[in-house]
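Asks: I'll drop the sequence and a predicted model, then ask my questions.
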Amino acid sequence: MSQKFNPLDNFNLTKAEIGYVDLNRASQSDYDRIGFMSGLEVHQQLLTEEKLFCRCPAGKFNDNSNFDAEIIRHMRPTLSELGEYDGTALMEFKTRKTIIYKLKHETTCTYDVDDTPPFRINSQALEQAIEISLLSKLNIVGEVHITRKQYLDGSIPTGFQRTAIIGVEGEIYLKDRPIKLIQLSIEEDSCREVSDIGHIRIYKTDRLGMPLIETVTYPDFINPQEVKQGCDYIRFLNRSTGKVRTGIGAGRQDVNVSCRGGHRVEIKGVSHTKWIPKLSHNEAFRQWALLNIKVKLNNKIPNPNLWKISSQVADIAKLKLNESIENLIGENQKIVIVNLPQFKGILSHFVQDGLCFASEISQRLRVIACLNQPNMTHSEALNPRLNDAEWENISKLLNAGNDDSQILFWAQDEDIKTALETIQERCIMAFSGVPGETRKCFENGSTIFERVLPGADRMYPDTDSAPIPLESKYIENLRKKIPSDIIDRYRDLKQVGVPEDVFTYIFSKNQYPIIKQIVDELGLSARFIACFFGCTLKFIENRYKSSDNFNYKIIYDLFKYLKDNNLEKDLAKPMLIVLFQHPKMDFDSILITINFKRISKDKILDQIPFLIEKFNQEKRVDTKENQENWIMGQMRKTAFGNINLAYLKSKINKL
Amino acid sequence: MEDLFQGYKGSALKILQKYNVRVWGHAIVNTIRGEFEGTLLPRSENDDDKHLVMKIITGYNIGIDIDTITDMQEKGFKKANYAIPEKQFPFTPGLPKVKLFGTGGTIASRLDYRTGAVIPAFSPGELYGAVPELADICNLETEKVFAVFSENMGPTQYIALALAIEKEIKKGVDGIVIGHGTDTLHHTGAALTFMIQNSPIPIILVGSQRSSDRPSSDAALNLMHAMKAAGQSDIAEVMICMFGPTSDEYGLLHKGTRVRKMHSSYRSTFRTIGDTPLAMIDKEKITPIKNDYHRRRSDKEVKIMPYFSDKVSMLYYYPHMNPDILDAMVDKGYEGIIFVGTGLGHVNKELYPAIERAHKKGVHMFMTLQTLWGYVNMFVYDTGRDMMAKGIIPAGNMLPEVAWVKLSWILGQTKDAEEVKNLMLTPINDEITKREPYNGYLILQGGVPEVENFIKHVHK
């Protein structure tokens, strides 16, 4: 009798075998060891009134339950311009999904549902995209060609996204080096998914068609922190124009990751840059683990072409399963047992935190065969659903060998064929390492299979639109309007001693221009103003609620008011607290609200001799420091805002 | 000889010749806006001569302004082979035999670089490659009769089609499908109804509103519905088979004489006017809506009447229309004129002398309606009676396009006024109906609560 196999031990063992290190303990040498490689595709919605190819309003959103009509579509793969079918397209076709769109009159027209050809491209959006392209140092194309990029998941009712390149070969900057950009495109946003259960996927069309730009970098990032830094840079650059949307969903990125010997995998729709390090770290190590599986399988099984699963639809009575698993199996579903020859130790091989290789199969069953999870269990489960006796029974039914492992899944009749093909296909892929995939991400840093990675074969010229020429004169005029570079702004702030921990806040809110205006026009210290925004304003924003839309420009007015009225900048903070909550209140009233009384400098200084006398009368411990503190204490309330407190202190000292 | 610079002309062509870069060549282009690399694509002949088109490595197309080019080098060459994968269409014993005639249009298309538009692609193998489900419906044979866009279909094509269909009926096929551009699908529907009478089998006209080069195309489903209707339905008439709702749910079979394209781009653009469609059709079943149709027969008898005169025109009336237009038509030798009048069938009095003149010259004149729905009634108002007296004959609820087709077909056979009138007013297949069912006119108005409720719960 062979020694009893423990899946959990195997999981931990394989995790150690590949040299997995946690994100917070990993160093550059770890990433060099596995050949970490990453690039970004950063999506940013543009701030326009209308959608990109129709005249529906942009930026109006509705709840899932709020809709006026529904339509149904099915997607079929079509040929690319170069006469090829795209792999993703064929996978989506296999899933036989019915797509339902929930429409709202206000935000959806016949263009959105593909019953009307596109209207002229939104010129406001095009102009914004060119400005951002110039800022990204891209080579601007001579003519914009609208291209169709196939998406068969239904996220766009046409089955393709209209998209166009504005520029190629640009550059952004990390703190210490530049990163090359491949391209920037303008495109229409997709639908938002409402649900995806079994063979029915539901979308709503409110976001569909909103103008979006996509900035694509070369895969030049060499560790997870750099990826985040690069992404922040692109987002700050976009925001520096003041012409992009902010808020949830307005900026999203796809992170491309691979390790040495692996394959490009695209982590889709990462909505926060702070998630990037963990996601890219985990993905690189997942690939490293898959490569370890590849070596193991090829050592065990010399000819993968002959490797084949065997399966049978099981008689439930014969299986004698426990109740907990019977409850998972739906009505009209059958149980299928599958033998994977010589796969012992593979299904429980580490791939991600808490996830073993079997999860890769289960995820594909969900997406391709439309089996909602949980959809299977297996003989090497880390949290077993079936006991040893049950598995022994199953392996007997399958005539399984000692080195085999087994899967048990449940599905309706019509999905079984696709499910078995999917299991066979994913296992065969394991012999060659890492399949190209797009993956969906979660906040905890894990990812799941979403789709087969699409290639350039899904592009097709949009025969409904004419090319749009971009004349040199037009571009040069736009060039005059673009703001300064983020990297220059970064250096500026650093030079005047602004602490780096306030940079992210300042750039993400695009406050640099207003800071610069205050500094240049009112002659205030850059360090003071940057910190006023980065610390004081940030504190107030977190602590208080603004009743109206608070505009940063009002802070300029505040400092100008203080200057014009010969008041001290110390007043800015207490005034801003009130101003932030009531942006329409005038400054004189704010001063009354904070109980400020105007007293001339001379009058304040005149009090000093009197207070010294008083201090001496009261016979306090007579040190210079005590005297100074006591007098300042007495005077602070009247002096605050009327006179520079440091100056006042020096005056006290002199007497 | 092969065209190395497909679609390029003028200054753009000169640049390509200067640097020796061909279409499908992989090139590096230096410009004052920076460097671009990619494959040079053909250019649509309607586009200007100031730009080159390239496909860059990421699959996108871009244009390059030739005035910015400082240098170009061809580094390689790879011509694209745009072909729908051809697979032998399988023969399945027991399935009906359907003949598909290709005429062009968007039912099966591929990219045309010359115009930048899509051109028809067509063979059973290509169709099977694109829509394999067809093999479960019928055994298919195809024949390309001609390849023209819908708007170029005309009398020559109607006649050619009628004769080709006759041949197939004699050979014993179970059904005919005609792939056709949608713009004039209903004109052809009417023409074939008049030219092919007493057909023993279904004759289905089908097109698509979204070309088949896009994933959301209605082409595949329309084709499946059409093949099913041709092979399996017992309605032996000339019909148009297109989407019922815009959703991918079911198609409708419309009589060739009562149908009209009602939206420039919607999938559900074809509507039966003044009546209900013949049947609903989906992948599983054919559900008749009407019962009084010509049944399928097992014989091979058919009457072909391939006539058409090109001396018929239409006159769409507008207020204060000048009679010189009508005079000009008569002077140019038109023998038949279909008036499309307002309301119940009216034109202004200023036209009367011209109408009288036309009548005297023997021009056959019939009245149809801009309202599309309803009957011409020239007795209600004096003007109507005046016009009848001057020789205009009311054409009942015949659709204007159908009336034009029918009068053309009749004048291809006879010029005798009485015979023309008789033929015009005697319906061949419901081009004039005896009665209009009350559900034959349903144009729902958006915004009205009950209609909003309907579209929320029923897939439009």
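Replies: Nice, thanks for sending it over.
Asks: Now do the SS call for whatever residue of the stretch 201-350 of chain B ends up closest to chain A.
Replies: Closest approach between the stretch 201-350 of chain B and chain A, counting by C-beta to the nearest C-beta: residue B:215, at 2.5 Å. For the C-beta atoms, the positions are set from N, CA and C on the backbone; glycine is no exception. When the structure is split into helix, strand and coil by DSSP: H, G, I helix; E, B strand; the rest coil, residue B:215 lands in coil.
Asks: And for the one 5 residues further on?
Replies: For residue B:220, the reduced secondary structure class is helix; criterion used: three-state DSSP.
Asks: burial measure for residue A:295, as a count.
Replies: By the criterion of other C-beta atoms under 10 Å in any protein chain shown, residue A:295 has 10 neighbours.
Asks: Residue A:644 too?
Replies: Residue A:644: 15 surrounding residues under other C-beta under 10 Å.
Asks: Outline the domain layout of the chain.
Replies: Let's take chain A. For chain A, automatic domain parsing gives the domain ranges A:35-264, A:304-431, A:484-593, A:601-654.
Asks: that's the wrong chain, I wanted chain B
Replies: According to automatic domain parsing, the ranges for chain B are B:10-77, B:97-304, B:312-425.
Asks: any idea which of the ones you listed is most buried?
Replies: Across the domains of chain B, the average number of neighbours (mean count of other C-beta atoms under 10 Å in any protein chain shown) peaks for domain B:97-304, which reaches a mean of 21.
Asks: re the thing from before, how about the nearest residue to the residue of the stretch 201-350 of chain B closest to chain A, chain neighbours excluded?
Replies: Of all residues not flanking residue B:215 in the chain, residue A:159 sits nearest, at 2.5 Å (C-beta to C-beta, 6 or more residues apart in numbering or on different chains).
Asks: so how many other residues sit close to that neighbour?
Replies: For residue A:159, the tally of surrounding residues (other C-beta under 10 Å) stands at 27.
Asks: same check, this time on the one 3 residues further on
Replies: Other residues near residue A:162 come to 21 when the count uses other C-beta under 10 Å.
Asks: With the one 4 residues further on instead?
Replies: When neighbours are defined as other C-beta under 10 Å, residue A:166 has 25 of them.
Asks: Look at it and give its secondary structure.
Replies: Going by three-state DSSP, the state assigned to residue A:166 is strand.
Asks: contacting residues for the closest residue in space to it that isn't next to it in sequence?
Replies: Once its chain neighbours are removed from consideration, residue A:166 has its nearest residue in residue A:133; the separation is 4.6 Å (C-beta to C-beta, 6+ apart). For residue A:133, the contacting residues are A:140, A:166, A:167, A:170, A:184, taking C-beta atoms under 8 Å, 6 or more residues apart in numbering or on different chains as the criterion.
Asks: Using neighbour counts, pick out the buried residues of the particular helix or strand that has residue A:133 in it.
Replies: Counting by DSSP states H and E, the secondary-structure element that holds residue A:133 is helix A:123-135. The neighbour-count check on helix A:123-135 (16 or more other C-beta atoms under 10 Å in any protein chain shown) flags A:124, A:125, A:126, A:127, A:128, A:129, A:130, A:131, A:132, A:133, A:134, A:135 as buried.
Asks: Now residue A:218. Nearest residue, chain neighbours left out?
Replies: Closest residue in space to residue A:218, ignoring its immediate chain neighbours: residue A:180 at 4.4 Å, by C-beta to C-beta, 6+ apart.
Asks: roughly how far apart are that neighbour and residue A:138?
Replies: Between residue A:180 and residue A:138 the distance, using C-beta to C-beta, to the nearest Å, works out to 11 Å.
Asks: which residues are common contacts for those two?
Replies: Looking at what touches both residue A:180 and residue A:138 (by C-beta under 8 Å, 6+ apart), the common residues are A:169, A:170.
Asks: neighbour-wise, which of the two wins?
Replies: The neighbour comparison of residue A:180 against residue A:138 (other C-beta under 10 Å) goes to residue A:138, with 24 against 14.
Asks: Let me see the mean pLDDT of stretch A:280-290.
Replies: Here the mean pLDDT over stretch A:280-290 is 98, rounded to a whole number.
Asks: Likewise for stretch B:287-295?
Replies: On average, the pLDDT along stretch B:287-295 is 95.
Asks: what's near enough to touch the closest residue to residue A:400 other than its chain neighbours?
Replies: The spatial neighbour of residue A:400 that comes closest, neighbours along the chain excluded (C-beta to C-beta, 6+ apart), is residue A:339 at 4.8 Å. Residues counted as contacts of residue A:339 (C-beta under 8 Å, 6+ apart) are A:309, A:310, A:311, A:395, A:398, A:399, A:400, A:404, A:405, A:406.
Asks: Filter the residues you listed down to just the buried residues.
Replies: For those, a neighbour count by 16+ other C-beta under 10 Å gives the buried set as A:309, A:311, A:395, A:398, A:400, A:404, A:405, A:406.
Asks: where's the last one relative to chain B, distance?
Replies: Distance check for residue A:406 against chain B: by C-beta to the nearest C-beta, to the nearest Å, it reads 34 Å.
Asks: One more: the fifth one?
Replies: Distance of residue A:400 to chain B, computed by C-beta to the nearest C-beta: 36 Å.
Asks: Which pLDDT does the model give that residue?
Replies: What the model reports for residue A:400 is a pLDDT of 94.
Asks: Am I right that it is in contact with residue A:406?
Replies: Yes - Residue A:400 sits in contact with residue A:406 when judged by C-beta atoms under 8 Å, with a separation of 6.2 Å.
Asks: For those two, list the residues in contact with both.
Replies: Listed contacts common to residue A:400 and residue A:406 are A:339, A:394; contacts here mean C-beta under 8 Å, 6+ apart.
Asks: re the thing from before, please identify the deepest-packed of the domains of chain A.
Replies: Here the criterion is mean neighbour count by mean count of other C-beta under 10 Å, and of the domains of chain A the winner is domain A:35-264, at a mean of 21.
Asks: mind checking the end-to-end distance for that one?
Replies: Criterion C-alpha to C-alpha, to the nearest Å; first-to-last residue distance in domain A:35-264 is 12 Å.
Asks: Spit out the contact partners of residue 363.
Replies: Here I'm looking at chain A. Listed by C-beta under 8 Å, 6+ apart, the contact partners of residue A:363 are A:373, A:448, A:449.
Asks: Actually, chain B is the one I wanted.
Replies: Counting by C-beta under 8 Å, 6+ apart, residue B:363 touches B:330, B:334, B:335, B:336, B:337.
Asks: Also residue A:483?
Replies: With C-beta under 8 Å, 6+ apart as the criterion, the residues that contact residue A:483 are A:135, A:240, A:241, A:513.
Asks: mind redoing it with 10 Å?
Replies: Contact analysis of residue A:483 by C-beta atoms under 10 Å, 6 or more residues apart in numbering or on different chains lists A:131, A:135, A:237, A:240, A:241, A:242, A:489, A:510, A:512, A:513.
Asks: hey, which helix or strand in chain B has the poorest pLDDT?
Replies: Of the helices and strands making up chain B, the lowest-confidence element is strand B:118-120, at a mean of 50, by mean pLDDT, DSSP states H and E.
Asks: The following helix or strand past that one close to chain A?
Replies: Past strand B:118-120, heading to the C-terminal end, the next element that is a helix or strand (DSSP H and E) is helix B:124-130. Yes - contact check for helix B:124-130 against chain A, using C-beta under 10 Å from any C-beta of the partner chain: residues in range are B:129, B:130.
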